[in-house]
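Colleague: just the structure for this:
(chains A and B)
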Amino acid sequence: MDLSDKEIEALVVKSQNGDKEAFAKIYDIYVTPIYQYIFYKVNPNEVEDLTEALFLKLWKNIGKYKKRKNITFKSWLFRIAHNLVVDHYRLYREHSSLELCIPDTKKEADPIKLAQDSLNINRLKSAISKLKPNYQQVLILKFINDLSNTEISKIVKKSEGSIRILQFRALKALKTELEHMGINTYE
Amino acid sequence: MEKKLIQLEKALRSVKKLSLSAKTKESMRRNLLMHMETPISSDIKYTSLERVSVYIKKLAKITEPSNIFKAKIKENILSTISKHRFGYNFFMGFGRNWQKVFSVFMIAVLSFSSMVVYFVDIPITMAAKKTSFQNLYGDVEVARDGQTINAFKTMQLEEGDVIITGAGGVAVIRYFDDSISRLYPLTELKIQRLYQDKDVMSKTKVEVELTHGHVWSQVVNLVGDQSSFEIMANDVKTKTSHKASFDMNYVKSRKKLSVSVFENKVEVSVPQKKERNKEIVVEGYVLNVDKNKSKQDKIKLKTEDKLWVNVNKNEDKQYKNKVDEEKTAESKKKAGVLPGDPLYPAKKLNESTKLLVTMDDKDKNKLKVDIAVKRLTEAITLLSDKDKDSAQAVLDEFSQVVDDLAIEVKDNDELMAYAKSSFQDEEKDLSIVLPDDDKYVAKEALRDAELKLAITPEDKKRTSLKLATEKVIESKELFQDDKSNSGNQTLLNATTEIVNVSADDSGIEDPKIIEQKEDTLSTIEVLKEVVNDGTDENPTVKKVIGITEDTLKESMDNTESDQAIVLTINDESRAPLKEVQE
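Modeller: Sure thing, here's the model as predicted:
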């Protein structure tokens, strides 16, 4: 469902007035990108719960959203998602561990096979999880959620210049991590 | 380096995007819309097992229509009333004489209603209870007659239904006998039998089969010898005829079953060659069955199980309170007009008139039973309203009626059966009540009635022992709630009675009495575990339990009956109990 910013803002206003159908449409538009975002941040069996919690939180707080020049509804929504995940980790740090079923990525395993192994969702998630939180954030928003640097800057509350530098450093760190896992993404 | 990073960017963009299935999207959407009606706590936990608690906590709060929904109904009703203005239009049609017509109308209504009290006895018929979902969350389906449908909250369940929870699904089934099963995700449960006797409503049997998965069951108020709640898994039957909470986990692929008991005890029968080996599993113990070999151990919870257990224990407590409230409300409805109400004398007059005009002795005696039950429900309602004096007066009347009945039932089996079944129905409603509750006085009065109606010495003995065993369970619950004073007193009453019955050694014992003694012993076992797990603050209690147990065992050893059955708590297969410390 591709709606313009104006149409989305109209749905937001209706939702703020208690229109559940309008809110359901907002859900339909954003559930997949939010799910994708949360997927890379938490345990697989926590993703659905957190996604639902996010939309419930959105419903409860949608009245707080005000259309402003420098912040779109999308940025505001991802900001809520970011805060929710941060709170989740703060409360449940000791329980959180990314349990993924990925093939043996140790170099002691067949190096040729590993070198030929391509990057897939699980491997990417595993690699990203080992990076610093701010690197994770910018990589997921940029390459998974396809957000622009402008949008990302509004979500993480940094300048666009900082985002470009962060992105560069994050990619370097990810490259190192992937090499360590024996995954080759270049010729 | 730059080139490699550019290539990495390309690789990242080409990673297949994670997509949500339409089913998952729709399921989350449904849940979201459901929860938008009801506020939930924002303090939500999300680790893998805690997810279950989120479901169950959310479910517990979604038990009645939201305030928005109720307000809408009210608004609709009020607007309908104001639209039509029925009464006003009707009377205004009479023009100037409307006031006279209205007065005559009101006089007629008042006269009729006052006469109704004398001649019309409106019995309160409680709606027959159904088995249905108390709550649902996530993916839950029901397979029925070859079709699979999405479960919904008001859906009534029938024999033959198979309940299937998906990866994110949790279902809470409330059976018609007030028992509950909470199904974990990825569980399949089949309802095999839902039986209720048409004459004795409290005589019930629920039989279900756990095909695979994990289910927690809570039985709150089964009464009578012939009521039971049973779950079968891989030909292993777990059964209880009393209050109990237990958790069953069956891994079909490995044919491994565990039965963990968290309240009271259950009986598990495991098929072995041509026989079935019956084991009693008491509170705090787990029976593991692997390829028909069974072994009992003390429960040791893994981290991932702790939440499921804690959530269910908490839900058990809340459910008990809920059932207690429902029973009190039902009693209120059944009781009708109460002492102190201006219409109460009319109600009593109605009863006396009916007794007078009933010629047939059989019907007259049945009427007496109904009147006794009426007094009891009045007492329960008065006690729940804290009117102890009026309640006592009514309970005295109840006792008098029972005394009359005790004479009548001696040669009247039909009346005896009717009285027992009527009282058993009330016993079920009072089952949850503990000694620290105001309504306990009514429960004791009912127990006295049961004893009075026990005619033969064997009957009296068995009934005494049964009632004493119930008190042992009550004392255990009080100890667990840190109410040791009440617990001590209740236990003392119970053990005095048990010792008296045991001391009355008449040589050849009735098989039913032996069976009851076995039940009493295993109940004492449950209490011992609870008391031993506590601190050493109850050395006297431990001593009393020890003496009672020894006396009971001795009386069983002295029995000459050919049908004497030695209790098997299967000590060999279980870790040894802690020694009772003096």
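Colleague: sketch out the low-pLDDT regions of chain A for me.
Modeller: Applying pLDDT under 70 to chain A picks out residues A:1, A:90-118, A:186-187.
Colleague: contacts only, for the residue nearest the centre of it.
Modeller: Residue closest to the mean C-alpha point of chain A, counted by CA atoms, centre = their mean, is A:Tyr37 at 2.5 Å. A:Tyr37 makes contact with A:78, A:81, A:140-141, A:144-145, according to CB atoms under 8 Å, 6 or more residues apart in numbering or on different chains. For glycine as for every other residue, the C-beta is placed from the backbone atoms N, C-alpha and C.
Colleague: helix, strand, or coil at the nearest residue to B:Lys237 once chain neighbours are set aside?
Modeller: Of all residues not flanking B:Lys237 in the chain, B:Ser269 sits nearest, at 4.8 Å (CB to CB, 6 or more residues apart in numbering or on different chains). Three-state assignment for B:Ser269 (DSSP: H, G, I helix; E, B strand; the rest coil): strand.
Colleague: please report the distance of the residue nearest to the centre of chain A from B:Ala393.
Modeller: Using CB to CB, to the nearest Å, we find A:Tyr37 at a distance of 69 Å from B:Ala393.
Colleague: how about B:Glu426?
Modeller: 19 Å.
Colleague: comparing those two, which shows the higher neighbour count?
Modeller: The neighbour comparison of B:Glu426 against B:Ala393 (other CB atoms under 10 Å in any protein chain shown) goes to B:Glu426, with 23 against 16.
Colleague: and the more buried one, what does it touch?
Modeller: B:373, B:376-377, B:446.
Colleague: swap in B:Ala419?
Modeller: So B:Ala419 contacts B:369, B:405, B:409, B:453 (CB under 8 Å, 6+ apart).
Colleague: center of chain B, which residue is that?
Modeller: Centroid check for chain B by CA atoms, centre = their mean gives B:Val220 as the closest residue, at 2.7 Å.
Colleague: ok, that one touching B:Val323?
Modeller: Yes. Using CB atoms under 8 Å, B:Val220 is in contact with B:Val323, at 5.5 Å.
Colleague: shared neighbours of these two, anything?
Modeller: If you check B:Val220 and B:Val323 against CB under 8 Å, 6+ apart, the residues they both contact are B:178, B:432.
Colleague: what is the burial count for whichever residue of the stretch 201-350 of chain B sits closest to chain A?
Modeller: Nearest residue of the stretch 201-350 of chain B to chain A, counting by CB to the nearest CB: B:Thr303, 8.7 Å away. Counted by other CB under 10 Å, the residues lying close to B:Thr303 total 9.
Colleague: check what pLDDT it gets.
Modeller: If you check B:Thr303, the pLDDT there is 71.
Colleague: got any ranges where the stretch 151-300 of chain B has weak pLDDT?
Modeller: B:273-275, B:292.
Colleague: need the residues of it near chain A, please.
Modeller: Counting by CB under 8 Å from any CB of the partner chain, the positions of the stretch 151-300 of chain B adjacent to chain A are B:Gly168.
Colleague: show me where the stretch 151-300 of chain B has strands.
Modeller: Under the criterion DSSP state E, counting those that start in this stretch, the stretch 151-300 of chain B contains strands at B:162-165, B:170-174, B:180-183, B:188-196, B:204-219, B:228-233, B:236-240, B:244-251, B:256-272, B:275-282, B:285-290, B:293-298.
Colleague: sheet partners, orientation included, of the second one?
Modeller: When you say that, I think you mean strand B:170-174. The strands beside strand B:170-174 in its sheet (DSSP bridges) come out as strand B:132-137 (antiparallel), strand B:180-183 (antiparallel).
Colleague: can you check the fourth one too?
Modeller: The strands that strand B:188-196 pairs with in its sheet are strand B:162-165 (antiparallel), strand B:204-219 (antiparallel) (by DSSP bridges).
Colleague: on that earlier part again, ChimeraX command for the buried members of the contacts of A:Tyr37?
Modeller: Command for ChimeraX that selects the buried part of the contacts of A:Tyr37, burial taken from 16 or more other CB atoms under 10 Å in any protein chain shown:
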select /A:78,81,140,141,144,145
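Colleague: out of the contacts of A:Tyr37, who's near chain B?
Modeller: Okay, of the contacts of A:Tyr37 touching chain B (CB under 8 Å from any CB), that's A:Ile144.
Colleague: what is the nearest of the contacts of A:Tyr37 to chain B?
Modeller: Lowest distance from chain B to the contacts of A:Tyr37 (CB to the nearest CB) belongs to A:Ile144, with 7.4 Å.
Colleague: need the contact list for the closest one.
Modeller: Neighbours of A:Ile144 in contact, by CB under 8 Å, 6+ apart: A:36-37, A:40, B:17-18.
Colleague: got the domain ranges for chain A?
Modeller: Following automatic domain parsing, one gets these domains for chain A: A:1-99, A:102-187.
Colleague: quick one: which of those is nearest B:Glu458?
Modeller: Among the domains of chain A, domain A:1-99 comes nearest to B:Glu458, with 57.8 Å by CB to CB.
Colleague: from the chain's centre, how far out does that closest one sit?
Modeller: The chain centroid and the centroid of domain A:1-99 are separated by 11 Å under CA atoms, centre = their mean, to the nearest Å.
Colleague: just checking, A:Lys125 touches A:Tyr40?
Modeller: Yes. Taking CB under 8 Å as the definition, A:Lys125 is a contact partner of A:Tyr40 at 5.4 Å.
Colleague: just give me the neighbour total for the residue nearest to B:Lys237.
Modeller: Neighbour number of B:Ser269 under other CB under 10 Å is 18.
Colleague: relative to B:Glu529, how far out is it?
Modeller: The spacing between B:Ser269 and B:Glu529, counted by CB to CB, is 21 Å.
Colleague: who touches stretch A:134-143?
Modeller: A:36-37, A:40-41, A:78, A:82, A:128-129, A:131, A:147, A:149, A:151-152, A:155-156, A:163, A:166-167, A:169-171, A:173-174, B:9, B:12-13, B:15.
Colleague: that'll do, ta.
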